[in-house]
Structures are given as C-alpha cells and as structure tokens.
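J.: Below: sequence and its predicted model.
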Amino acid sequence: MSISTQDACKIIQEARADAIVISTMSAMHGMDQIDPDYAFGLSSVPLMGGAAGLGLGLALSFPKRKVIVLDGDASLLLELGVLATVAGMRPANFYHFVFANGVQFNGGANLPVAGGGSVDFCAVAMASGYVGAARFAQAEALRAGIGAWLAAPAPALIELDIEPTPARFGPQLAQPEQGDARFARMGMEARRLMRALGTA
C-alpha cells in the first residue's frame, strides 16, 4: 500500500505550523493545490536536486525555525552526497521528507529512477550520519506519526512510499514546452520568503 502525493502534502501541511517548507517536483505541485501562497514556502524548481541544499542553508540561517524539505527520490538521487553534507552540519531543525514514487517526472513521462527504485533512503541517511529516519507507506500511519517525528532530534529523514501519478505524455503525446513562469517562480518565492522572515 502507498500514499498519494496529495494526501502526503495535506498531512504535512496540517502539521507544519510556521516551518519553512522547501518543495520540489511532485510535492511542489501538491502544495500548489493546497496552499500556493504560503509565505514560508519556497519551490526548488528549476533547481532539480537542490531542495536539501536550499533547506540546509535556511536551517543554518534560522536555527529556531523548523525547516521541512519535500524532496523526490529522483531529485535526491541527482545530489545524493547532500545527505553527508547535511549530516556533517547537524542542523537540529532539519526534517527531510522523500517522496519515493519510483519515477522521474511523475505524472508527465514517468521515467524510471536510477536503481529502479531499490535505494533505501533511510539506510543511506543513517549511514551518512542523520540522527533518525523512518518510512511510511500508509496515510493513516503518517498522520499518526508525523507530529512525533517533527518533534524528534534532527536532522531526520522521513521516506514516504508514494503512489505514482499516471503518465500524461509519451510517444503518442509529446510534452509541451515549459512556460517562462515555471522558471521565474523560485526567485519570486525567495523574495516573498525573505519578506516573511524579515530579511528583505
């Protein structure tokens, strides 16, 4: 059994309080549907693979505020060494969620991730030096356990078994060109976040 992207995003949104939330790929689209104007939100697009690095910088800059990173398995695999970097800096306010759906460009082309989805992100995080790690495969279990994990020692990684969204594009339907707004949003959201944090 697995969790839908929307259910996972809704559960995290309900538990986040005033945490900074960095999201990428599927989680970004999920959060767009739930709370697109969240003042402490920042999208890591088009910086695929950069969500954890952005989150680390913010966690170190604002140590009294929780930082929640909503990463993807394909995204994290692009920059897997960031786990060691995060662990080495030991941010006590860093909570790293990995939406593991086994595909890249979820809901688009649904290309298989490197390793065929066999990477155990919890094991890699712990071996890298994270303080804690857990895996959830059911929405009810995540809802029941997320509060304890967001209060647990950090850095912590929470891997979510996510159900892939059916692909829309393929040989019979090419993906359209991405509009400019997709590539400008990160800068706009960064400026909004700076204002919310009082650093603008």
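T.: Perfect, thanks for sending it.
J.: What's the mean pLDDT across the one helix or strand Ser75 maps to?
T.: Taking DSSP states H and E as the definition, Ser75 sits inside helix 73-78. Average pLDDT, helix 73-78: 90.
J.: Likewise for stretch 83-90?
T.: 98.
J.: try stretch 19-39
T.: Here stretch 19-39 scores 92 as its mean pLDDT.
J.: And it, end to end?
T.: 10 Å (C-alpha to C-alpha, to the nearest Å).
J.: do the same with stretch 54-68
T.: Using C-alpha to C-alpha, the end-to-end distance of stretch 54-68 comes out at 11 Å.
J.: now the helices: where do they sit in this protein?
T.: Counting by DSSP state H, the chain has helices at residues 5-15, 25-34, 51-61, 73-78, 82-89, 121-128, 139-150, 180-197.
J.: how big is the angle separating the fifth one from helix 121-128?
T.: If you take axes from the mean of the first three to the mean of the last three C-alpha atoms, to 10 degrees, helix 82-89 sits at 40 degrees to helix 121-128.
J.: Specify the angle between helix 82-89 and helix 51-61 in degrees.
T.: Using the same axes, to 10 degrees: helix 82-89 against helix 51-61 is 10 degrees.
J.: Now do the helix holding Ser75: which elements does it pack against?
T.: helix 51-61, strand 94-100 (3 or more C-beta pairs under 8 Å, 6 or more residues apart in numbering; DSSP states H and E). The C-beta positions use only the backbone N, C-alpha and C, and glycine is treated the same way.
J.: what do you get if the cut-off is 7 Å, keeping everything else the same?
T.: strand 94-100 (3 or more C-beta pairs under 7 Å, 6 or more residues apart in numbering; DSSP states H and E).
J.: and the strand it packs on, how far out from the chain's middle?
T.: 5 Å (C-alpha atoms, centre = their mean, to the nearest Å).
J.: Show me which positions of stretch 80-89 end up buried.
T.: Residues of stretch 80-89 classed as buried by neighbour count (16 or more other C-beta atoms under 10 Å): 82-83, 86-87.
J.: now those in JSON lines, with distance to Lys10?
T.: Formatted as JSON lines, the buried residues of stretch 80-89 follow (distance: C-beta to C-beta, whole Å):
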{"residue": "Val82", "distance to Lys10": "26"}
{"residue": "Leu83", "distance to Lys10": "26"}
{"residue": "Val86", "distance to Lys10": "26"}
{"residue": "Ala87", "distance to Lys10": "29"}
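J.: got a list of what the most centrally placed residue in the chain touches?
T.: With distances taken as C-alpha atoms, centre = their mean, Leu70 lies nearest the centre of the chain, 1.3 Å away. Leu70 makes contact with 12, 21-24, 27, 97, 99, according to C-beta atoms under 7 Å, 6 or more residues apart in numbering.
J.: All set, thanks.
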